[in-house]
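**Q** quick one, structure for this:
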Amino acid sequence: MSEWFDTLEGLLGHAWREMARGARDAQAPTHLVVLASVGDDGGPRARTVALRHADRAADIVELHTDVTTPKVAELRANPRAALHLWLPDDVLQIRLRGTVEVRTGPAADADWAEVPRFSRGNYGVVPAPGTPIPRPDAYNRQPDRAKFAVLRLTVDDIDLVHLGEPYHRRARYRRQDGWAGHWLAP
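**A** You can find the predicted model right below:
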């Protein structure tokens, strides 16, 4: 029997299963991911965010954020973004690229209903995230439904690198090709 990393479908299936696990389990290595966007100066911006939803059938992953964060303005100006995930036990790097839709208001109501009460204060920080403050504790967490946003990334491209023995494996998959995938030199 082959390992999950020996076939294109096995590798892709494993990546999606691990992302789905990260969306529902805060202890999974794929729960905290790196989101990269393009800043207002044209330079890259990367930050760690929590994965909230991963749906292979729909080709989407979702993250939650405060609508007043700089990343929302960046993504509204240029919706192209990337996610980076690392699974240390599987020695697997997952890189996703796609387009982000910022969902607020009624489009985010179902997601807001799922946010635990103790986490709602993350959406409504005063002053707004990124604002200079005189001390590390000079802000308030004030839950504000109007400041909650869902970042929905429609995945267009997946690049997977397995750093296994006796050799590394790399594969790339594109939505436009029906996710058929092809091997690349690592």
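**Q** which residue ranges of the protein form strands?
**A** 32-38, 44-55, 60-66, 80-87, 92-103, 125-126, 140-141, 148-162, 169-174, 182-184 (DSSP state E).
**Q** other residues contacting the biggest helix by length in the chain?
**A** Across the chain, the longest stretch assigned as helix under DSSP state H is helix 8-24. For helix 8-24, contacts defined as CB atoms under 8 Å, 6 or more residues apart in numbering pick out 2-5, 28-33, 51-56, 61-62, 85, 87, 90, 92, 94, 158, 160, 162, 169, 171, 173, 179-183. For glycine as for every other residue, the C-beta is placed from the backbone atoms N, C-alpha and C.
**Q** ok, Thr99 to Ala81 distance?
**A** Remark: distance between Thr99 and Ala81 (CB to CB, to the nearest Å) = 7 Å.
**Q** compare neighbour counts for the two and give me the winner.
**A** Ala81 (21 against 14; other CB atoms under 10 Å).
**Q** isn't that one up against Ala36?
**A** Yes. With contact defined as CB atoms under 8 Å, Ala81 counts as touching Ala36 (6.3 Å).
**Q** what's the end-to-end length of stretch 175-183?
**A** End-to-end distance of stretch 175-183 (CA to CA, to the nearest Å): 16 Å.
**Q** please identify the buried residues of that stretch?
**A** Within stretch 175-183, the residues scored as buried using 16 or more other CB atoms under 10 Å are 179, 181.
**Q** same deal with stretch 137-153?
**A** 143-144, 147-153.
**Q** now the end-to-end length of it.
**A** Terminal residues of stretch 137-153 lie 32 Å apart, using CA to CA.
**Q** distance of Lys147 from Val115?
**A** Counting by CB to CB - Lys147 and Val115 are separated by 12 Å.
**Q** what does Pro129 give?
**A** Distance from Pro129 to Val115, by CB to CB: 17 Å.
**Q** likewise Val155?
**A** Val155 is 23 Å from Val115, by CB to CB.
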